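Visitor: Sharing a sequence plus its predicted fold:
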Amino acid sequence: MRTYFAFALLFMLTPLTAQSDIREVGVRFNNFDNFNLLLKKQIDENTYRRYGLLLANVNLLVGENDVRAAQFEVSASIGKERRRDIGNDIQFVTGWQPSIGLGLTASESVTCVSVTPGIGYLLGFQYNISDNFYVAVEAIPSVNFALTVGDIAAARLQAGISTAGVGITAVYRFVKE
């Protein structure tokens, strides 16, 4: 809960460079297992600063012989989103989105920490239902690197390309006066 509060505070205190004070808050679903909390702030006409927070893969495991393990993963991203009108209420959305992930796995015998930086490119379509609400279909193909260290004999460096699927986003837009 503190992470969400700190993230929201960062969003509210970031200075604006545009005259208008348009802010957006929403949720992006990739599947039913995880979701992203999105916060956006207009920095120029049709250009937004985009903050994302994903809390995923919280697992508590109890196996044979009462072996216990816990796993936790969280990631954050910040990017610049550009929107281009392609119809009355439809916009094409693009932009770079760097991210960082942090994971922790702990059991009675092993503790590992993983750090996963990455860079993605947002591609999507946004349908403006009203002045204050829109939905979007987005994909963020990305390249990620994972470094895992811990009680294991060696560190692991992993690289890969992710096309984590298409996400559905619902966003509420408000103007602060």
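Guide: Alright, I've got the coordinates.
Visitor: Give me the mean pLDDT for stretch 112-130.
Guide: On average, the pLDDT along stretch 112-130 is 92.
Visitor: Can you point out the buried residues in it?
Guide: Buried residues in stretch 112-130, defined by neighbour count with 16 or more other C-beta atoms under 10 Å: 112, 114, 116, 118, 120, 122, 124, 126, 128. The way it works is simple: take the backbone N, C-alpha and C, and place the C-beta from them, glycine included.
Visitor: Stretch 37-50 now?
Guide: With burial defined by 16+ other C-beta under 10 Å, the residues of stretch 37-50 counted as buried are 37-43, 48-50.
Visitor: for stretch 98-107, same thing?
Guide: In terms of neighbour count (16+ other C-beta under 10 Å), stretch 98-107 has its buried residues at 99, 101, 103, 105-106.
Visitor: I'd like the mean pLDDT over that stretch, please.
Guide: For stretch 98-107, the per-residue pLDDT values average out at 89.
Visitor: again with stretch 21-32
Guide: 87.
Visitor: Going by secondary structure, the spatially most central residue of the chain is in what exactly?
Guide: For the chain, the residue whose C-alpha lies nearest the mean C-alpha position (C-alpha atoms, centre = their mean) is residue 52; its distance is 3.4 Å. Residue 52 is part of strand 47-62, with elements assigned from DSSP states H and E.
Visitor: I appreciate the help and will end here.
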